[in-house]
Structures are given as structure tokens and as C-alpha cells.
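Engineer: below is the sequence, then the predicted model.
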Amino acid sequence: MIDILMATYNGERYISEQIESILNQTYKNWKLYIRDDGSKDNTISIIRDFEKQYPNKIILVKDKKNGLGAKCNFAELMKYSKQEYCMFSDQDDIWIDNKIEKTLEKMKQAEKKYSKKTPILVHTDLKVVDVELNVINDSFWKYQNLNQNAIQMNELLVQNNVTGCTMMLNKSLLDLSKDIPSKCIMHDWWIALVASCFGKIETLNESTILYRQHGNNEVGAHKYRSLDFIKSKIKNINKIKNSINATILQGNEFRNIFSNILNDKNKYIIDEFCELKNKNTIYKKISVIKNKFYKNGLVRNIAYLIFI
């Protein structure tokens with residue numbers, strides 16, 4: 001059995017298509033938990049209609065917490081997952097019909113290789129599409145110039161290369177990562193850090209989602225090599241600085257929570273990363289290069305070395 005966790009907020013325009021794509025999966029042994037964050041539109045009404053049609057498959061989580069944001073919405077949902085595996089769903093994409101089947105197959109292979117007790121994360125690529133589902137790019141990784149295999153601790157501290165709506169977690173990883181702290185940047189980034197540090201991250205090199213881009217995306221895709229991308233970096237220097245600071249805050253939180261179980265190698269890496277802001281300019285540059293605190297792409301790394 002697989003638990004699918006869907007966080008919603010004002011998603012009436014696309015949520016029916018998203019749920020239908022889950023119902024149409026080739027793999028059928030799942031339950032869908034949906035938690036709404038206080039929608040002002042017809043999102044809850046749409047979910048209730050599906051819940052009535054599929055009472056054994058779809059559960060609307062009911063609590064009195066609203067306005068938590070995507071990260072905390074997913075964090076709340078993680079508390080409801082009790083099965084062997086769980087997956088995450090946004091409210092506005094389309095799951096390709098064999099997404100669960102293919103991801104589960106990769107997970108089973110990994111558990112056979114490493115054991116079920118090993119915390120394991122499987123993630124995949126996505127097809128970037130527009131509002132009408134026309135393909136913008138067959139690969140989200142290529143579109144954003146992400147390295148899907150940059151999954152070591154030193155790499156993930158700096159840049160997240162794992163997309164939440166493609167992830168499958170086994171129970172060992174869920175139990176270790178389910179207490180999502182407020183100081184982490186996003187739930188998927190935090191889970192990826194936990195998996196990298198204490199378990200394994202496996203990559204399925206194919207797209208399993210149509211990743212829809214529209215004006216209301218909380219976290220969207222932006223073409224890496226576009227002129228607009230470069231202009232946005234130049235114009236948003238404060239955003240770059242704040243982003244770097246946020247990664248260090250997240251690293252500190254990770255160190256504080258897991259300090260007693262970190263191995264020496266990862267403890268050294270995290271200590272080096274968290275102390276960057278306290279060191280002089282020359283030491284910072286040396287540490288970044290020595291420990292390979294690299295992002296993917298020349299533009300990102302130049303900005304990082306300048307503003308760290």
C-alpha cells in the first residue's frame with residue numbers, strides 16, 4: 001500500500017485533472033490523503049465530490065489549521081502516512097499513468113540492494129508543460145540545468161536537486177524525516193538532506209509528471225539559460241543573499257537536530273558549511289572550493305562565490 005499526500009490551496013482550476021490522473025494510474029493499491037490550507041474557492045467542494053465517489057481511496061483530512069503554506073501543509077500530511085511507502089502530489093499537475101508503478105519498481109530494486117531498513121528516496125524527472133499541457137521541455141532537469149545525480153551532502157546543502165512531487169519515500173525515511181522543522185526551506189529539500197546523510201537517494205531517469213507552469217505556481221520552473229533568468233539574478237541581489245542565508249539556517253537546523261547521529265564525514269561537512277558566514281572572505285572561498293559546495297551551472301556558482 002502507498003499513501004499519496006496532496007496539499008491544496010485555491011486549486012479549483014486544475015485539481016480535478018490531478019486527481020483523475022492519480023485514479024488512472026496502472027498501480028491501484030494506494031490511498032490519497034488531501035489536506036486543504038483554507039481555500040477560498042471551490043477546491044474543498046471538488047475534493048468532497050471525489051471523496052464521495054471513492055470513499056475507500058480518497059480521504060479529506062479535516063483539521064482547524066489554515067494558512068500554513070505548502071511546506072507545513074505537507075508536513076501535517078506526513079503525520080497521516082502509516083504505510084510502507086508514501087508519495088507527494090501537487091494540486092495542478094498530471095501524473096503519467098505508470099508513475100507509481102515505475103517509481104515503486106525502482107524503490108523495490110533499491111530496497112533489495114540496500115535493505116528495507118535503509119532510508120531510501122526515489123525521485124524522477126518531469127516534463128515541463130504550459131497551462132494547456134503543451135510541452136515546453138521534455139526534461140525539467142535540463143530546463144533548469146539541474147544535475148539529478150548531485151545528491152551528496154555537500155551538494156544538497158547548497159542546492160536542492162530533488163523535486164517533491166516526484167518523490168517516493170520508504171517507511172524508514174519517513175520515520176526519520178517526518179518532523180519537518182520551521183527553519184527548513186521546503187519539505188522536499190529537508191527530506192533529500194536526510195536521505196543523503198542517513199540513507200540512499202535513487203534516481204529514475206525518466207519523466208513521470210507533466211509539471212504545469214502557470215501564474216499561481218508556488219514553486220515553478222524557470223529556464224536556466226534564458227535572458228530573463230540572468231536578468232532576474234542581476235536585479236535580485238538581496239534575494240540571492242537571502243537564499244544563501246536560508247541554506248545556512250537550514251544547515252544549522254539539520255546539525256542541531258541530528259548532531260548525535262551524524263558520522264564524522266558528514267559532521268565535518270555540515271560544520272564547514274554552517275560556519276561559512278562566520279569566516280573571512282578568503283576562507284569562505286577556500287572552503288567552498290575545498291568542500292565542493294557547488295551549485296550546477298556557471299551563473300549560479302559565480303553568484304554564490306560573490307555573495308557567500
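Structural biologist: Received it, and whenever you're ready, just let me know what you need. Residues are numbered from 1 along each chain as shown.

Engineer: okay, now the unreliable bits of the protein?
Structural biologist: 216-235 (pLDDT under 70).

Engineer: show me which strand runs longest in it.
Structural biologist: For the chain, the strand with the greatest residue count under DSSP state E is strand 200-212.

Engineer: list the helices and strands the biggest helix by length in the chain packs on?
Structural biologist: Scanning the chain for the helix with the most residues, using DSSP state H, yields helix 237-258. With contacts taken as 3 or more CB pairs under 8 Å, 6 or more residues apart in numbering; DSSP states H and E, helix 237-258 sits against helix 187-198, helix 264-274, helix 298-307. (C-beta placed from N, C-alpha, C; glycine too.)

Engineer: tell me the buried residues in that helix?
Structural biologist: 240, 244, 247-248, 250-255, 257-258 (16 or more other CB atoms under 10 Å).

Engineer: between that helix and helix 187-198, how many degrees?
Structural biologist: 50 degrees (axes from the mean of the first three to the mean of the last three CA atoms, to 10 degrees).

Engineer: neighbouring contacts of helix 237-258?
Structural biologist: 157-158, 181, 183-185, 189-190, 193-194, 197-198, 233, 262, 267, 270-271, 273-274, 276-277, 303-304, 307-308 (CB atoms under 8 Å, 6 or more residues apart in numbering).

Engineer: do a quick rundown of the strands in the stretch 101-250 of the chain.
Structural biologist: Ranges of strands in the stretch 101-250 of the chain, per DSSP state E, counting those that start in this stretch, are 120-129, 135-137, 168-170, 200-212.

Engineer: looking at the ones you listed, which is nearest to Met1?
Structural biologist: strand 168-170 (12.5 Å; CB to CB).

Engineer: list the strands paired with that closest one, with their directions.
Structural biologist: strand 85-89 (antiparallel), strand 120-129 (antiparallel) (DSSP bridges).

Engineer: residues in contact with the closest residue to Asp37 other than its chain neighbours?
Structural biologist: Leaving aside its chain neighbours, Asp37 sits nearest to Tyr9 (4.3 Å; criterion: CB to CB, 6 or more residues apart in numbering). Residues near Tyr9 by CB under 8 Å, 6+ apart: 36-39, 43, 70, 73, 91.
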